[in-house]
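Asks: sequence-free structure coming up:
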């Protein structure tokens, strides 16, 4: 009887341990860092004198940005998964300006912009073997924006919306605890605050496009 009781307790303990291990493996948590390759379109209406003109700059001179943050993952049945993240990101670039829209002279020929964001992507994916396919919305909150037009630099946070809805889609690899991701990111709602900018550049619209390449490490797996 003692042996049988011991065996039963052993089976229960092993079964409970396996169940706990499975439960732990459902949730993962880690850190990530990445490079942002940014490209954006700038479109607005310039009003000068008695006429107005539509301007569009679809070739911006951009610099690589970066992102740093945390990633979590919840495994779902049939290979599906939910992956929320919170990251700090910085993007920068410059747009050509001319004498008719405030450029030239002391301001030079380019308007330089640098923006800092807190982003919260909530992605749904499907994993097979070591490969993941991911897609989902990204909720973006601006920290500040710095604009440089020649000799002076100033923060111009009111030019940004308080909230921007974006999206992300891409592919990832899981190599043990290491993760590698490549995603295409864009915005759905306008980045700039139209009300603030209406006096200077009516109908201002920024279409953001960027590729994010990141490497992560799962602390809990």
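Replies: Thanks, I have it. Since the structure is predicted, the reported quantities are computational estimates derived from the model, not experimental observations.

Asks: Could you list the low-pLDDT ranges of this structure?
Replies: 1-24, 40-62, 95-111, 147-159, 193-205 (pLDDT under 70).

Asks: Show me where it has its helices.
Replies: For the chain, applying DSSP state H gives helices covering 2-26, 194-197.

Asks: got the contact list for residue 77?
Replies: Shown in contact with residue 77 (CB atoms under 8 Å, 6 or more residues apart in numbering): no residues. The C-beta positions use only the backbone N, C-alpha and C, and glycine is treated the same way.

Asks: swap that for residue 27, please
Replies: Contacts for residue 27 (CB under 8 Å, 6+ apart) come out as 72-75, 220.

Asks: Columns distance to residue 178 on top of those, output as TSV?
Replies: Formatted as TSV, those follow (distance: CB to CB, whole Å):
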residue	distance to residue 178
72	16
73	13
74	19
75	17
220	14
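
Asks: any idea how far residue 184 is from residue 209?
Replies: From residue 209 over to residue 184 the distance is 8 Å, taken as CB to CB, to the nearest Å.

Asks: One more: residue 91?
Replies: According to CB to CB, residue 91 and residue 184 sit 15 Å apart.

Asks: quick one: which of those two has more around it?
Replies: residue 91 (22 against 14; other CB atoms under 10 Å).

Asks: Now the buried members of the contacts of residue 27.
Replies: residue 73 (16 or more other CB atoms under 10 Å).

Asks: closest to residue 174 among the contacts of residue 27?
Replies: Nearest to residue 174 among those, counting by CB to CB, is residue 73 at 9.4 Å.

Asks: Correct me if wrong: the closest one contacts residue 81.
Replies: Yes. The pair residue 73 and residue 81 passes the contact test of CB atoms under 8 Å, sitting 5.7 Å apart.

Asks: Who are the contact partners of the residue lying closest to residue 180 once chain neighbours are set aside?
Replies: Spatial nearest neighbour of residue 180, excluding adjacent residues (CB to CB, 6 or more residues apart in numbering): residue 173 at 4.6 Å. Listed by CB under 8 Å, 6+ apart, the contact set of residue 173 reads 130-132, 179-181.

Asks: How about residue 73?
Replies: Residues in contact with residue 73 (CB under 8 Å, 6+ apart) are 27-29, 81-83, 218.
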